[in-house]
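Asks: generate coordinates for the sequence data below:
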Amino acid sequence: MTYVVTENCINCKFMDCVEVCPVDCFYAGENFLVINPEECIDCGVCEPECPAEAILPDSDERATPWLEINAKFAATWPNISVKGTPPADAKEWDGRPDKLPLLSPEPQKD
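Replies: Numbers count the residues shown, from 1 in each chain. Alright, predicted model coming up:
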């Protein structure tokens, strides 16, 4: 089992989850984070840290389509282990529906 980042992270990208991960399995895109399912140890400490409630266990049916998205982008985006600065308008995006078309495939630029 693993945890996955889901749609509500798009344009929110709060990154509170990154600092608590004991195995550094988060990867950063331009406007979204993902968890590498091959590296996640299923500890679950990231889930309650996400202010946007965008992290779910893969056993949750709402996470099913996101497992493939997390695996795909974890293979190309940079690994992060330190919380960065979320977008200035992150709170405005929290909870908005239908954000998938906004998901940028671009990696985070340092």
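
Asks: tell me which other helices or strands the helix ranked longest in the chain touches.
Replies: Across the chain, the longest stretch assigned as helix under DSSP state H is helix 64-74. Counting contacts by 3 or more C-beta pairs under 8 Å, 6 or more residues apart in numbering; DSSP states H and E, helix 64-74 packs against strand 3-5, strand 33-35. Where you see a C-beta, it was placed from the backbone N, CA and C, and this is true even at glycine.

Asks: rerun that using 10 Å as the cut-off
Replies: strand 3-5, strand 26-28, strand 33-35, strand 55-57 (3 or more C-beta pairs under 10 Å, 6 or more residues apart in numbering; DSSP states H and E).

Asks: pick the most buried one from those strands.
Replies: strand 3-5 (a mean of 27; mean count of other C-beta atoms under 10 Å).

Asks: let me see the mean pLDDT of that one.
Replies: On average, the pLDDT along strand 3-5 is 98.

Asks: mind listing the residues bridging to L33?
Replies: Beta bridges link L33 to A28, judged by DSSP bridges.

Asks: so who does it touch?
Replies: 5, 9-10, 12-15, 17-18, 26-27, 46, 50, 54-55, 70, 73-74, 77, 80, 84, 108 (C-beta atoms under 10 Å, 6 or more residues apart in numbering).

Asks: can you give me the end-to-end span of stretch 97-110?
Replies: Stretch 97-110 stretches 28 Å from its first residue to its last (C-alpha to C-alpha, to the nearest Å).

Asks: what comes up buried for it?
Replies: K99, L103, Q108 (16 or more other C-beta atoms under 10 Å).

Asks: same check, this time on stretch 57-68
Replies: D58, A63, W66, L67.

Asks: mind putting these in CSV, distance to P22 included?
Replies: Formatted as CSV, the buried residues of stretch 57-68 follow (distance: C-beta to C-beta, whole Å):
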residue, distance to P22
D58, 18
A63, 21
W66, 22
L67, 21
